[in-house]
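**Q** sequence? don't have it. structure:
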């Protein structure tokens, strides 16, 4: 489990499916996640199993993000293999109620720290729809750099990267 100032982040369990479907059913939330094509009960059941399997295979994966104050699941975040590549990506998303409060930055920074310090990754990537400016602004605030635009998850995405050295320099950490 990861903990930040305002969040508890834990592994997903199969019992989280109903809540995950509810969180991702809002059209404003899922418009940058492939819409209902990828965010429906059947697709999310498979995706949830992928998240759970990632932990078994890699020791990390997309995880349930809980608001410390209430214990309520407000979103998801984590590290996972980027589909169709050998890269590891950081990802995050949450309900509209928590947009604009720094939660995306808070959880993504915790995952980058985990990926570089615990897993000892050399590089982490992130992707987002080009029009999802909120997400790529978080990437830039984290020190990630735009590399290219390419297809991921069936859509054109901006592709950002950060290396371990860049992260440590940005946040004044020693290796």
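**A** Alright, I've got the coordinates. A quick note: this is a predicted structure, and the numbers were derived from the prediction, not measured.
**Q** Select the longest helix from the chain.
**A** Ranked by residue count under DSSP state H, the longest helix found in the chain is helix 41-58.
**Q** Any idea which helix or strand in this structure has the lowest mean pLDDT?
**A** helix 35-38 (a mean of 50; mean pLDDT, DSSP states H and E).
**Q** next SSE after the longest helix of the chain?
**A** Counting by DSSP states H and E, the next helix or strand C-terminal to helix 41-58 is strand 62-67.
**Q** Run through who's touching that next one.
**A** 2, 6-13, 16, 19-20, 51, 54, 72-80, 91-92, 94, 98, 103, 107 (Cβ atoms under 8 Å, 6 or more residues apart in numbering). C-beta: built from backbone N, CA, C; applies to glycine.
**Q** Now the buried members of the residues you listed.
**A** For the contacts of strand 62-67, a burial check counting by 16 or more other Cβ atoms under 10 Å picks out 2, 6-9, 11-12, 16, 20, 51, 54, 73-80, 91-92, 94, 98, 103, 107.
**Q** What about those, which are in strands?
**A** Using DSSP state E, 2, 7-9, 11, 73-80, 91-92, 94 are the members of the buried ones among the contacts of strand 62-67 that sit in strands.
**Q** and residue 121, how many neighbours?
**A** Neighbour count for residue 121, taken as other Cβ atoms under 10 Å: 18.
**Q** Numbering from 753 from now on, please.
**A** Shifting the count to begin at 753 puts that one at residue 873.
**Q** Double-check that it belongs to a helix.
**A** No: counting by DSSP: H, G, I helix; E, B strand; the rest coil, residue 873 is not found in a helix; it is coil.
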